[in-house]
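Novice: predicted coordinates and the sequence they were generated for:
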Amino acid sequence: MPTAEAPRRLAWPLLAAVLAGGLGLRLWGIRHGLPYSYNTDEADHFVPRAVSMFGSSLNPHYFENPPAFTYLLHWLFAIAYGGASGVRRTFALHPAEVYTFARVTAGVLGTLAVWLLYATGARLFGRGVGVLAAAIEAVAFLPVFYSHLALNDVPTLAPLTLSLLGTAGVLVKGRTRDYALAGVGLGLACATKYTAGIALAPLLAAAAVRVRDERGARRTDALLAIALAGALAVAAFVIANPYSVLDYSAFHRDLVHQSTLSAEAQGKLGAPSHGGIVYYLWSLTWGLGWAPSLAALGGALVLLRRNVRLALVLVPAPLAFLALMGTEGRYFGRWLMPILPLLCLLAAFFVLELATAIAGPRERPRLRAPAARALLVALLIAATLAQGTLYSVHSGLALSRADTRNLTRAWMVAHVPAGTPIVAEPVSPDEWARETRPGTSTAANAYRWAKYRSFLVRIAPDGALLANPRTEVTIEDYERTLAPALLSYYTAHGYCFVLSGSTQSGRAFADPRAVPLAIAYYRSLAREGEVVYRASPYARGAKPVAFNFDWSFDYYPLAYERPGPAITVYRLHGGRCGR
């Protein structure tokens, strides 16, 4: 039966199907939202910075996210678009093309990570576990969804899993090249996303086991190989992030700032408050899936009883990661990504062990008929992959449809004359409100509508209008700038159309006691404004999804039919807006 000892003639076709399916899921709906990048991190970080390097130095001047993925995009853009002038021109005139290229790069790296996970599982357990672990990651919702964005979360999985492959070799064979592979992968992973440093824990565990098992000169060789792995990790990190040394002061400053932000309790209005560990455990139930998560727990317990050496490599790292990240003040499901490969390995091992336990060993089988044994394995595998497959397919369907913000803009172009003053909540980038003309850069075009300055604070703490407002806030504090008095300001100055998005209003209603003036503002807007257009992301008859910093932006619930927030366009009356 195809368990951990699956033959090559069966494992390789299955792996090919897994890789093809995983790549397809990652590319399905890859152009969602374009030509606008609605994800703030995607719009602000990697692609724009990779392009901006063509007009300056390779110093990213930004280290809150490490720059390895930015550098990779920079060089790929240079090859694809013919150098600096070609890149800048394409990004100015055809930004959708550049973002699509970057997203495809993320998806391909995510698929490469799936293949590397197969190789790791095959080395540690056998080809059957390798194929199943790869299949779990291929369909798991979090790595599939975030392959659709030019962010560093999914690309990090490729070098991280490369390090795990080397670590597996250290444990199994202890060759110098395995230490080298693990060290290089670790350094590249950390240069792509700092939290990928968790890959150091399996490497240290495998090295400790190897040193304990060796004697004499071989133990000395193992110690030297550990030093080599460390040196190569540092070298790979510096090569992929050279300005961590060349501009150390900026690197250290941004690293400290990022650490401070992560530890900041409730830094985001509407963020969950029941603790990071609970939130991450909940995130595993949908980001990886209930069955794989429980199977990973089962796999950890079985390994602790049967193979302590292997358990030391695979089990402590996820636990340490959850404990460390769970104590931070901010938490998002995608931050779990660095431990998903380890959990997939544990889950695949347990599922196939469970199949063997139910069917019985070959020598004394409980299920004697080969067809019955094959059916059992197929059912267990199907149950393990079902949730991830369902929600990843749903994600592809949703992302392949027009974003609500694109629909709203099309309605605005058709119904709101150019030059009309509007109030638009910060749920879309600045380019959304600008003119679009073939052969011109949208970012440099004039505004189609006169936008209200949403981040300017016009409200005093008591809710009254300020006579001489000067302070501006970031998007994190936008809800704190709202109060009912703004509506009279809008009508007095001709801002007759107000666009409200659920990803902003939802934050206020998720924590109404923190922003009572914003709650009063939204209620007054609904009472006084005439609804002239709505764009809903939900399927007909589906209930709206409560605000959440994951589900409101990754569209996991099946209620979603398309991407984007629920958008409502209000027409105000009175003052300069007439009756």
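Specialist: Alright, I've got the coordinates.

Novice: which sections of the protein are below the confidence cut-off?
Specialist: For the chain, the stretches flagged by pLDDT under 70 are 1-6, 261-267, 360-369, 579.

Novice: give me that answer again for 80
Specialist: For the chain, applying pLDDT under 80 flags the ranges 1-9, 214, 216-217, 257-268, 273-274, 328-330, 359-374, 438-441, 443, 579.

Novice: could I get the full set of strands for it?
Specialist: Applying DSSP state E to the chain gives strands spanning 421-424, 450-451, 497-501, 530-535, 567-571.

Novice: would you list the ones you listed in JSON lines and tack on mean neighbour count and distance to Ser273?
Specialist: All C-beta atoms are positioned from the backbone trio N, CA, C, and that covers glycine. JSON lines is the format used below for these (neighbours: other C-beta atoms under 10 Å; distance: least, C-beta to C-beta, whole Å):
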{"stretch": "strand 421-424", "mean neighbour count": "21", "distance to Ser273": "29"}
{"stretch": "strand 450-451", "mean neighbour count": "16", "distance to Ser273": "33"}
{"stretch": "strand 497-501", "mean neighbour count": "23", "distance to Ser273": "23"}
{"stretch": "strand 530-535", "mean neighbour count": "14", "distance to Ser273": "30"}
{"stretch": "strand 567-571", "mean neighbour count": "21", "distance to Ser273": "27"}
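
Novice: would you turn these into a markdown table with distance to Ala134?
Specialist: Formatted as a markdown table, the strands of the chain follow (distance: least, C-beta to C-beta, whole Å):
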| stretch | distance to Ala134 |
| --- | --- |
| strand 421-424 | 44 |
| strand 450-451 | 47 |
| strand 497-501 | 38 |
| strand 530-535 | 38 |
| strand 567-571 | 39 |
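
Novice: these: which one's closest to Leu312?
Specialist: The closest approach between Leu312 and any of the strands of the chain, judged by C-beta to C-beta, belongs to strand 497-501 at 48.2 Å.

Novice: quick revisit: do you know which of the strands of the chain lies nearest Ala235?
Specialist: strand 497-501 (46.1 Å).

Novice: now the closest one and strand 530-535, what's the angle there?
Specialist: In terms of direction (axes from the mean of the first three to the mean of the last three C-alpha atoms, to 10 degrees), strand 497-501 departs from strand 530-535 by 40 degrees.

Novice: contacts for strand 497-501?
Specialist: By C-beta atoms under 8 Å, 6 or more residues apart in numbering, the residues outside strand 497-501 that reach it are 405, 408, 412, 416, 420-425, 427-428, 490, 522, 525, 529, 532, 565-572.

Novice: which residues touch Val393?
Specialist: Counted by C-beta under 8 Å, 6+ apart, Val393 has contacts Leu25.

Novice: give me the distance between it and Val144.
Specialist: 9 Å (C-beta to C-beta, to the nearest Å).

Novice: which residues do these two both contact?
Specialist: Leu25.

Novice: that older thread, among the strands of the chain, which is nearest Ser400?
Specialist: The nearest among those, by C-beta to C-beta, is strand 530-535 at 16.7 Å.

Novice: tell me the strands beside the closest one, with direction?
Specialist: strand 567-571 (antiparallel) (DSSP bridges).

Novice: any idea how far the strand it pairs with is from the chain center?
Specialist: 30 Å (C-alpha atoms, centre = their mean, to the nearest Å).

Novice: same check, this time on stretch 240-260
Specialist: 22 Å.

Novice: cool, and stretch 320-332?
Specialist: The answer for stretch 320-332 is 16 Å, by C-alpha atoms, centre = their mean.

Novice: distance of Leu15 relative to Val545?
Specialist: For Leu15 relative to Val545 (C-beta to C-beta), the value is 36 Å.

Novice: what's the answer for Pro461, then?
Specialist: For Pro461, the distance to Val545 - C-beta to C-beta - is 32 Å.

Novice: count of residues packed around Leu10?
Specialist: 13 (other C-beta atoms under 10 Å).

Novice: over to the one 5 residues further on?
Specialist: Here the number of neighbours of Leu15 (other C-beta under 10 Å) works out to 23.

Novice: for it, give me its contacts.
Specialist: Leu15 touches Trp115, Tyr118, Gly130, Val131, Ala134, counting by C-beta under 8 Å, 6+ apart.

Novice: if you rank those by neighbours, which is first?
Specialist: Going by other C-beta under 10 Å, Ala134 tops those with 31 neighbours.

Novice: how about that residue, what does it touch?
Specialist: Leu15, Val18, Leu19, Gly22, Val114, Trp115, Leu117, Tyr118, Gly121, Cys344.

Novice: just give the closest residue to it, not the sequence neighbours.
Specialist: Tyr118 (4.0 Å; C-beta to C-beta, 6 or more residues apart in numbering).

Novice: quick one: the one you found and Gly128 touch, right?
Specialist: No. Tyr118 is beyond contact range of Gly128, at 10.5 Å (criterion: C-beta atoms under 8 Å).

Novice: quick one: the helices in the stretch 51-200 of the chain?
Specialist: Per DSSP state H, counting those that start in this stretch, the stretch 51-200 of the chain carries helices over the ranges 68-81, 84-93, 95-124, 127-139, 141-145, 153-172, 176-190, 200-213.

Novice: nearest to Asp554, out of the ones you listed?
Specialist: Per C-beta to C-beta, nearest to Asp554 of the helices of the stretch 51-200 of the chain: helix 141-145, 5.0 Å.

Novice: quick one: list the elements packing against the closest one.
Specialist: Helix 141-145 is packed against helix 8-27, helix 95-124, helix 370-399, with contacts defined by 3 or more C-beta pairs under 8 Å, 6 or more residues apart in numbering; DSSP states H and E.

Novice: any idea how far the first one is from the chain center?
Specialist: Once both centres are worked out by C-alpha atoms, centre = their mean, helix 8-27 turns out to sit 22 Å from its chain's centre.

Novice: go through it and flag the buried ones.
Specialist: Within helix 8-27, the residues scored as buried using 16 or more other C-beta atoms under 10 Å are Ala11, Leu14, Leu15, Val18, Leu19, Gly21, Gly22, Leu23, Leu25, Arg26, Leu27.

Novice: what does the second one give?
Specialist: Of the residues in helix 95-124, those with enough neighbours to count as buried (16+ other C-beta under 10 Å) are 95, 97-124.

Novice: angle of it against helix 127-139?
Specialist: Using the same axes, to 10 degrees: helix 95-124 against helix 127-139 is 160 degrees.

Novice: which other helices and strands contact helix 95-124?
Specialist: Using 3+ C-beta pairs under 8 Å, 6+ apart, helix 95-124 sits against helix 8-27, helix 46-52, helix 68-81, helix 84-93, helix 127-139, helix 141-145, helix 153-172, helix 340-359.

Novice: single out the most deeply packed of those.
Specialist: Ranked by mean neighbour count, the helices and strands packed on helix 95-124 are led by helix 127-139 with a mean of 29 (mean count of other C-beta atoms under 10 Å).

Novice: angle of that one against helix 8-27?
Specialist: Computed by the same axes, to 10 degrees, the angle between helix 127-139 and helix 8-27 is 10 degrees.

Novice: tell me how far helix 127-139 is from the chain's mean position?
Specialist: 20 Å.

Novice: for it, C-alpha coordinates in CSV please.
Specialist: As requested, the backbone C-alpha atoms of helix 127-139 are provided in CSV (Å, rounded to 0.1, in the frame of the first residue of the first chain):
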residue,chain,number,x,y,z
ARG,A,127,8.1,9.4,-0.3
GLY,A,128,4.5,8.8,0.9
VAL,A,129,4.8,11.3,3.7
GLY,A,130,6.7,13.7,1.4
VAL,A,131,3.9,13.6,-1.2
LEU,A,132,1.1,14.1,1.4
ALA,A,133,2.9,16.9,3.3
ALA,A,134,3.4,18.6,-0.1
ALA,A,135,-0.3,18.2,-0.9
ILE,A,136,-1.4,19.6,2.5
GLU,A,137,0.7,22.8,1.9
ALA,A,138,-0.3,22.9,-1.8
VAL,A,139,-4.0,23.4,-0.8
